[in-house]
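S.K.: No letters, just coordinates:
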């Protein structure tokens, strides 16, 4: 190809230039007595040195600033002298594992030496107040000697006492007997049992009484018509006394339930909410499982179960029918799997 041809494209000119460069490098290498650079390694080879052009001299060092001379030795700070031996923990002048200077000797720079913190010093300092989840301070347990483990156990017992309702299970047993007696007139052989937190001894002030009626063919699970009939029967037999009132039925729910309010038999103003379901006797065994585990595992296991249920309810992750979250029974199973 002729480089002077006006019809050559840009790629043709580029190819001609590459060939000329390779030929020139081969000629220079032959003149020096070396081997020419292979064409495929041209991009990786060092750039050729231009003959006849001297290399520029290195730039001179920058001039010093007026009035300053180059410093060849490190400047010692006033009052500080480098140490030649490693510092010893607790010795005068020790300021940590990375300290490299001794005590000051000049009166112009007074530095107060730091006192190393010993275990005795930690024990003598006042304990810093920690804040709980509700903003109140965690008070140390007098019987635990002020230890951290004692404080945690004392706090757990305090929270457990605040979220425990020991008066609700007796109310559940009392209401169970009344409802069973009222249903047996229309459903012979019907059995009413308590399940949930009242049956598992994990009741809290926000808990309700959960009852289940089974043992008769008319008390079928998921039967909305049966729920309406049971509500009518209970209202006719128990509504006159006034201790049980506000009857309501939800027949179209996934699990039909009859709800009503029951007054505490001790004469107080407290009222418990009662939920009555039909035909689902398996929930009774679930509650008995939780109760037996707490009875054999001890009080600490019951406190942890009750605290996990309370935590899940406060964060709205324990409403299985409304938000499709794990049930309180599922949270208890998680705690049991952690402890076992």
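M.R.: Good, I have the coordinates. Worth saying up front: this structure is predicted, and the values here are computed from it rather than measured.

S.K.: So, low pLDDT: which residues of the chain?
M.R.: Scanning the chain for pLDDT under 70 picks out 1-8, 33-56, 62-152, 321.

S.K.: where do the helices sit along it?
M.R.: Secondary structure of the chain, counting by DSSP state H: helices at 10-32, 119-124, 148-162, 168-183, 224-238, 282-297, 299-314, 320-323, 328-339.

S.K.: Give the other helices and strands that the fifth one contacts.
M.R.: In other words, helix 224-238. For helix 224-238, the packing partners by 3 or more C-beta pairs under 8 Å, 6 or more residues apart in numbering; DSSP states H and E come out as helix 168-183, strand 244-250, strand 257-263, strand 271-278. Where you see a C-beta, it was placed from the backbone N, CA and C, and this is true even at glycine.

S.K.: Now with 6 Å, please.
M.R.: Other helices and strands packing on helix 224-238, by 3 or more C-beta pairs under 6 Å, 6 or more residues apart in numbering; DSSP states H and E, are helix 168-183, strand 244-250, strand 257-263.

S.K.: So which of those is nearest residue 292?
M.R.: Residue 292 sits nearest to helix 168-183 of all the helices and strands packed on helix 224-238, at 15.5 Å, using C-beta to C-beta.

S.K.: So which residues make contact with that closest one?
M.R.: Helix 168-183 is contacted by residues 190, 192, 194, 198, 203, 209, 211, 213, 234, 237-238, 262, 264-265, 272, 274 when judged by C-beta atoms under 6 Å, 6 or more residues apart in numbering.

S.K.: Redo the helices of the chain as JSON lines? Include distance to residue 249.
M.R.: Below are the helices of the chain laid out as JSON lines (distance: least, C-beta to C-beta, whole Å):
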{"stretch": "helix 10-32", "distance to residue 249": "88"}
{"stretch": "helix 119-124", "distance to residue 249": "64"}
{"stretch": "helix 148-162", "distance to residue 249": "34"}
{"stretch": "helix 168-183", "distance to residue 249": "14"}
{"stretch": "helix 224-238", "distance to residue 249": "4"}
{"stretch": "helix 282-297", "distance to residue 249": "19"}
{"stretch": "helix 299-314", "distance to residue 249": "25"}
{"stretch": "helix 320-323", "distance to residue 249": "16"}
{"stretch": "helix 328-339", "distance to residue 249": "23"}
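
S.K.: Any chance of TSV for those helices, columns distance to residue 258 and mean neighbour count?
M.R.: Formatted as TSV, the helices of the chain follow (distance: least, C-beta to C-beta, whole Å; neighbours: other C-beta atoms under 10 Å):
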stretch	distance to residue 258	mean neighbour count
helix 10-32	89	12
helix 119-124	61	8
helix 148-162	31	14
helix 168-183	9	19
helix 224-238	5	19
helix 282-297	15	16
helix 299-314	23	18
helix 320-323	15	10
helix 328-339	20	16
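
S.K.: do you know how far residue 167 is from residue 240?
M.R.: Look at residue 167 and residue 240: by C-beta to C-beta, to the nearest Å, they are 25 Å apart.

S.K.: Which one of the two is surrounded by more residues?
M.R.: Higher neighbour count among residue 167 and residue 240: residue 167, with 15 against 9, using other C-beta atoms under 10 Å.

S.K.: out of the contacts of helix 168-183, which one sits closest to residue 306?
M.R.: Out of the contacts of helix 168-183, the member with the shortest distance to residue 306 (by C-beta to C-beta) is residue 203, at 8.6 Å.

S.K.: give the contact list for the closest one.
M.R.: Per C-beta under 6 Å, 6+ apart, neighbours of residue 203: 165, 168-169, 197.

S.K.: Pick the one among these closest to residue 10.
M.R.: Closest approach to residue 10 among these (C-beta to C-beta): residue 197, at 85.4 Å.

S.K.: Many thanks, have a good one.
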